[in-house]
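> structure for this input, please:
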Amino acid sequence: MEIAEHKGIKAYYHPGLGDLINEDKSLTPALKDFLIKELNLSDDVETRIGSTTYTEGQGRNNQRDHIWHEGNKDKNGILYTVLINENSNDEFQGGLLTFINWPMTPHKDNFGTWKGDVTKPHQPQWLNEQDVLVCIPSEQSWGIDRVWHGDRRICTIDLIGKKVGE
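Below you'll find the predicted structure:
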């Protein structure tokens, strides 16, 4: 398993990871146990699972999934959003995961100009591969670039509970 981490965001790449989601979009006990252990969550964390297909021309602006503030700090809220890439990046163009605090992998654009800095922390090359699982603290913004061709499928898992330790 390959692991990458940056400012609270954790990414895991392991072929077959997507098989840990049941057909009815429920978590297998193995995946729930993995998330509880890796993210140091209590056993009573609730989950809400969905799947989104981004078609040509669609994307998601960088945004947070939950904001903790004085009025809700003692209530249940989204602690983490977990993303699982459901299909191969051979099936779509564009549609890359974006994070405000985690620069994209350095690459050449269509005109041969380098974008990004290889000497600074950046997303791993494999971040948009099938079966990558990304855990994002709810306060962090994430998005998906516009899909130019094909369909991009993402399974989202909200881990819901009370924020502890603050």
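> and for residue 139, the neighbour number?
Using other CB atoms under 10 Å as the criterion, residue 139 is surrounded by 14 other residues. All C-beta spots, glycine's among them, are computed from the backbone N, C-alpha and C.
> now do the same for it: its pLDDT.
Listed pLDDT for residue 139 reads 84.
> then the one 3 residues further on?
Confidence per residue is given as pLDDT, and for residue 142 that number is 90.
> look up the closest residue to residue 89, ignoring the ones flanking it.
Beyond its immediate neighbours in the sequence, the residue positioned closest to residue 89 (CB to CB, 6 or more residues apart in numbering) is residue 128, lying 5.0 Å away.
> the one you found against residue 87, yeah?
No: here residue 128 lies out of contact with residue 87, judged by CB atoms under 8 Å, at a distance of 10.5 Å.
> between these two, tell me which one has more neighbours.
For residue 128 against residue 87, the residue with the higher neighbour count under other CB under 10 Å is residue 128, and the figures read 21 against 17.
> about what we covered before: what backbone torsions are found at the residue nearest to residue 89?
The phi and psi torsions at residue 128 (degrees, to the nearest 10) take the values phi -100, psi 10.
> which parts of stretch 52-65 are buried?
Residues of stretch 52-65 classed as buried by neighbour count (16 or more other CB atoms under 10 Å): 54, 59-60, 64-65.
> widest-spaced pair of these?
Of all pairs drawn from those, the one with the longest distance (CB to CB) is 54 and 64, at 18.8 Å.
> show me which residues of stretch 36-43 are buried.
Along stretch 36-43, these residues count as buried under the neighbour rule (16+ other CB under 10 Å): residue 41.
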